[in-house]
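# sequence and computational prediction follow.
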Amino acid sequence: MKNQIEARREELKQKLATIRDERKKQTTERIGAELQKLNERITAHFSNVLEKIENALERVNSRADKAEANNRDVRAVRTAISEAETAITDARTAASAQAGKVYTLEVTTEDALRVDVGRARQTLHTDLSAVREKVKAAHEAVRKAAVSLAQIPKVDELEVEASAEASATTE
């Protein structure tokens with residue numbers, strides 16, 4: 001990916017050779033690099049958020065196992081957990097695809113430079129918004145799983161009796 005970014009940067013420099021104003025060249029190069037850094041930073045953030053969402057889902061799953069071991073009906077919770085797992089997988093796939101994208105500025109003329117840069121920035125914004133919506137959907141799915149688990153009466157008061165299971169196996 002680094003090679004691809006470097007190749008795009010060199011391609012941009014060649015296109016910028018037609019522009020006479022040195023300040024515009026430097027600004028355009030800087031903006032191109034900033035777009036790439038922004039994409040990397042935000043996709044890393046989405047990955048961190050998805051890790052936290054997965055950890056929360058694991059805790060919900062653990063509590064559902066405890067409730068199931070105490071003969072509680074957890075079918076709705078299991079359905080919500082599977083939906084949340086699917087949403088997390090979709091969001092993680094979208095974040096990985098977004099991290100692999102390279103944004104280049106398509107320079108046409110010196111007069112249209114502002115429009116070209118704006119178009120690249122808008123494309124980045126649109127792509128990141130789509131990933132953000134998938135991450136939000138994953139968060140909402142995990143929240144629904146936790147809410148459905150909370151509907152089970154006294155789920156937090158249940159204990160898994162490991163000592164009873166151990167004494168049954170020794171006899």
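In hand now; what should we look at?
# shaky segments in the chain?
Within the chain, the segments meeting pLDDT under 70 span 1-2, 4-5, 8-20, 158-171.
# quick one: residues contacting the residue nearest to the spatial centre of it.
Nearest to the mean C-alpha position of the chain, by C-alpha atoms, centre = their mean, lies F46 at 3.6 Å. Listed by C-beta atoms under 8 Å, 6 or more residues apart in numbering, the contact set of F46 reads A91, A95, Q98, V131, R132, V135. Bear in mind the C-beta positions are built from the backbone N, C-alpha and C, glycine included.
# mind doing that once more with 6 Å?
For F46, the contact set (C-beta atoms under 6 Å, 6 or more residues apart in numbering) comprises A95, V131, V135.
# contact partners for the nearest residue to it once chain neighbours are set aside?
Among residues not flanking F46 along the chain, A95 sits closest, at 4.4 Å (C-beta to C-beta, 6 or more residues apart in numbering). Neighbouring residues of A95 by C-beta under 6 Å, 6+ apart: T43, F46, S47, V131.
# mind giving me the PyMOL select for those residues, buried ones only?
Buried residues within the contacts of A95, by 16 or more other C-beta atoms under 10 Å, are selected in PyMOL with:
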select buried, resi 43+46+131
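# widest-spaced pair of the contacts of A95?
Farthest pair in the contacts of A95 (C-beta to C-beta) is S47 and V131. Separation: 10.4 Å.
# if I look at the residue nearest to the centre of the chain, how far off is L35?
Here F46 is placed at a distance of 17 Å from L35 (C-beta to C-beta, to the nearest Å).
# now G118
G118 is 11 Å from L35, by C-beta to C-beta.
# ok, those two, which is more surrounded?
Neighbour count, other C-beta atoms under 10 Å: between G118 and L35, L35 has more, with 20 against 13.
# isn't the more buried one right up against Y103?
Yes - applying C-beta atoms under 6 Å as the test, L35 and Y103 come out as touching, 4.7 Å apart.
# which residues do these two both contact?
What both L35 and Y103 touch, as defined by C-beta under 6 Å, 6+ apart, is the set L124.
# now do the helices in the protein.
2-16, 22-69, 75-99, 113-150, 162-170 (DSSP state H).
# of all those, which one comes closest to V107?
Nearest of those (C-beta to C-beta): helix 2-16, 4.2 Å.
# isn't V74 up against E68?
Yes - applying C-beta under 6 Å as the test, V74 and E68 come out as touching, 4.9 Å apart.
# the more surrounded of the two?
Taking neighbours as other C-beta under 10 Å, V74 and E68 compare with V74 leading, 22 against 17.
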